[in-house]
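**Q** make a model of this:
(2 chains)
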Amino acid sequence: MSEIILQTHDLRKVYGKQAAVDGIELKVERGAIYGLIGKNGAGKTTTLKMIGGLTAPTSGSFTLFGKSGAELADVRGRVSSLIEDPGLFGNMTAYENLKAKCLCYGIKGDEYINNLLKLVGLADVGKKKAKHFSLGMRQRLGIALAMVGEPDLLVLDEPINGLDPEGIVEIRDMLTRVSKEKGITILISSHILEELSKVATHYGIMSKGRMVEQLTAEELSEKCSLRIEAVVDRPELASTVLDGLGITNYKVIDKETINIMEHLDDVAHINRELNAAGVLVSKIAVNNESLESFFLSRTAD
Amino acid sequence: MLNIIRMELYRMVRMKSFWVILIIVGIMNVISVSLNDAMMSNPEMQKAIESTKAKEDDPLSNIGMSVSIERDENGDYGFLETITSAVREMLCALFIGIFTVIFVTADFNTGYIKNYGGAVKHRWHMVFAKGTAVLVYTIMFFAVFILSSSLGVYVGGHKLIMDPAGKITEVLGVQCLLHIAFAWIIMSLCLIVRNNLISMIVSCCLSFHVFQALYILADKGLKKLGWENAEISNYTVSGRIMKYGLESSKILGSTLLIAAIFAVVSYILGSLWVTKKDLV
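**A** A predicted model of the protein is given here:
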């Protein structure tokens, strides 16, 4: 199992009487792209703010790179974040905004800054002040700022907000690349599961300040893929029949449901063979749960 | 921490207001000092000065700002008299306060603080870095102010009579320290209220002696409680800025103490607040 670099323990944040985050448990493995999904107001941003060191938890704790409590100060520099809107000095250029943060991190050299600008597609903005940037350009610069110092954990809150489709693809590719090439772990939030599903390796679904479900990309894909869903009275006997038909990619979900992930065009044939073997089939159909409906079913009020 | 100081200095010199305030103050100072002669010989102006002098016993007459430089019997300008006449009227404090508010609230208002605030090992480092930048600005402001005042005397066709070096060091050193303490008070206020409008109003009120009325009320209350010689403004940074001039060596120690206490307390309060409160 990979090293766990971030783990929260009953993390809570209360504003007045309202619990924005209500005792979440979160585990992030090194090198993962962990997607935090939830509706607006689910507590994603507050969670990220706590992990990014901008807000203190009301109660609970978290471990970062094996450190917790007062020792967290030693590893804070390994975490970088882009929370909500990118924080930029409007009267400065993209280069100058990056230079300020580089100075803060003790990083010298124009080449470093120029490479970052190239990485996020802002190499050609020249002397244009940040206040004249489009929303997408601001977002790109925010991501570049978050990349300064090559953090071990990159915390990104809705980073594709405001980007055009081309920009979304570029940022998505960039995140996948830096995660693979530089081994940066990324904790990324979004309310668009479809987009997140293209980059994330792990997911955490939040609703009303709570963690509803954590799953890997494989588990999600399994839950959302096209399949034959059969409701039968004797799943063990049904398994034997499926084996006899040469079907190997199937899964017994519970004491009456079997999901078959292959031979999707042979529903009638499978149904006949099951009946012939004495298995009572009360329902058999090709189903798939879209990412959207999967997400909605988990976050329904 | 040195890195954060570098960043703060970098963003300070990149701010438009940094240059605008220095340039405006420099130019206006040259003009106003060089025209002091004409202003002093204007009968209307003389009447106003006489009237102000007549009301010197009334502490509320200090509200606002009126700068006039007195010349020696030959019509020449004493160096310290030229500089301190405006400094003691809180002209420098006004501009330093304005810049401090703009500078300190900038990274909160733009949200830039989110880019590095979470990664800083100790948040008091950020406050120290801001304080250092403001200190550098105060020193630069004084340098510009001294140079432009001196230039104004020559532009007006007069001679500048230098005071003894020791006296110059003492008076300008103390005034500079008082202004740094003033800037740190404003910095802490900005960090605590995180609202540039309120901070700017308070800063300007302090510079225009508007709080003098509050001090007088407090003095009256203290006198009723039995402290006969109560004079709150005597224990404030702004009060000492107004008071400290050529003949103030007797209060050098207490003035330095007041500047140090206000600076340290402001810094500690600002640091505690920033450490305990959310950054966004």
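**Q** who's in contact with residue 134?
**A** No chain specified, so I'll use chain A. Residues in contact with A:Ser134 (C-beta atoms under 8 Å, 6 or more residues apart in numbering or on different chains) are A:Gly162. For every residue, glycine as well, the C-beta is placed using N, CA and C.
**Q** my bad, the chain I had in mind was chain B
**A** Contacts of B:Val134 by C-beta under 8 Å, 6+ apart are B:96, B:100, B:103-104, B:180, B:183-184, B:187.
**Q** A:Glu229 too?
**A** Applying C-beta under 8 Å, 6+ apart, the residues near A:Glu229 are A:257-260, A:283-287.
**Q** what pLDDT does B:Glu70 get?
**A** We have a pLDDT of 67 for B:Glu70.
**Q** what pLDDT, on average, does stretch A:56-75 get?
**A** 88.
**Q** going along the chain, name the strands of chain A.
**A** With DSSP state E, the ranges of strands along chain A come out as A:4-15, A:18-24, A:27-29, A:33-38, A:59-64, A:79-82, A:153-157, A:185-190, A:202-207, A:210-216, A:227-232, A:250-252, A:257-260, A:281-287.
**Q** B:Ser203 is nearest to which of the ones you listed?
**A** When the strands of chain A are compared by C-beta to C-beta, strand A:4-15 sits nearest B:Ser203, at 30.3 Å.
**Q** briefly note if the closest one comes near chain B.
**A** No. Strand A:4-15 lies out of reach of chain B by C-beta under 8 Å from any C-beta of the partner chain, never closer than 9.4 Å.
**Q** got the buried residues for that strand?
**A** A:5-8, A:11-13 (16 or more other C-beta atoms under 10 Å in any protein chain shown).
**Q** off-centre distance for it?
**A** Chain-centre distance of strand A:4-15: 17 Å, with C-alpha atoms, centre = their mean, to the nearest Å.
**Q** adjacent strands (with direction) for it?
**A** Strand pairing for strand A:4-15, using DSSP bridges, gives strand A:18-24 (antiparallel), strand A:27-29 (antiparallel), strand A:59-64 (antiparallel).
**Q** those strands in the stretch 151-280 of chain B, which residues are they?
**A** B:160-161 (DSSP state E, counting those that start in this stretch).
**Q** residue numbers of it in contact with chain A?
**A** So the stretch 151-280 of chain B meets chain A at B:276, B:278-280 (C-beta under 8 Å from any C-beta).
**Q** tell me the least confident of those?
**A** B:Val280 (76).
**Q** ok, now which ones touch it?
**A** Per C-beta under 8 Å, 6+ apart, neighbours of B:Val280: A:49, A:54-55, A:83-84, B:111, B:113-114, B:117.
**Q** same check, this time on A:Val241
**A** Applying C-beta under 8 Å, 6+ apart, the residues near A:Val241 are A:273-274, A:277, A:279.
**Q** closest to A:Glu222 out of those?
**A** A:Leu274 (22.2 Å).
**Q** so what's the residue count around the closest one?
**A** Neighbourhood size, A:Leu274 [other C-beta atoms under 10 Å in any protein chain shown]: 22.
**Q** just name the shakiest helix or strand of chain B by mean pLDDT.
**A** Every helix and strand of chain B was ranked by mean pLDDT, DSSP states H and E. The lowest is helix B:43-54, at a mean of 62.
**Q** what is the rounded mean pLDDT of the very next helix or strand once past that helix?
**A** Scanning forward in sequence from helix B:43-54 by DSSP states H and E, the next helix or strand is strand B:77-78. If you average the pLDDT over strand B:77-78, you get 77.
**Q** one more: stretch A:201-215?
**A** For stretch A:201-215, the per-residue pLDDT averages 87.
**Q** stretch B:164-176 too?
**A** Here the average pLDDT along stretch B:164-176 is 90.
**Q** redo the contacts of A:Val241 as JSON lines? Include distance to chain B.
**A** Listed next are these as JSON lines, based on distance: C-beta to the nearest C-beta, whole Å:
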{"residue": "A:Glu273", "distance to chain B": "60"}
{"residue": "A:Leu274", "distance to chain B": "57"}
{"residue": "A:Ala277", "distance to chain B": "61"}
{"residue": "A:Val279", "distance to chain B": "58"}
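**Q** ChimeraX command for the buried members of those residues?
**A** In ChimeraX, this line selects whichever of the contacts of A:Val241 come out buried by 16+ other C-beta under 10 Å:
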select /A:273,274,279
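**Q** inside helices: which ones of the contacts of A:Val241?
**A** Judged by DSSP state H, the contacts of A:Val241 include A:273-274 as members of helices.
**Q** now the contacts of A:Val241 as TSV including distance to B:Ile31?
**A** Output for those, formatted as TSV (distance: C-beta to C-beta, whole Å):
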residue	distance to B:Ile31
A:Glu273	101
A:Leu274	99
A:Ala277	104
A:Val279	100
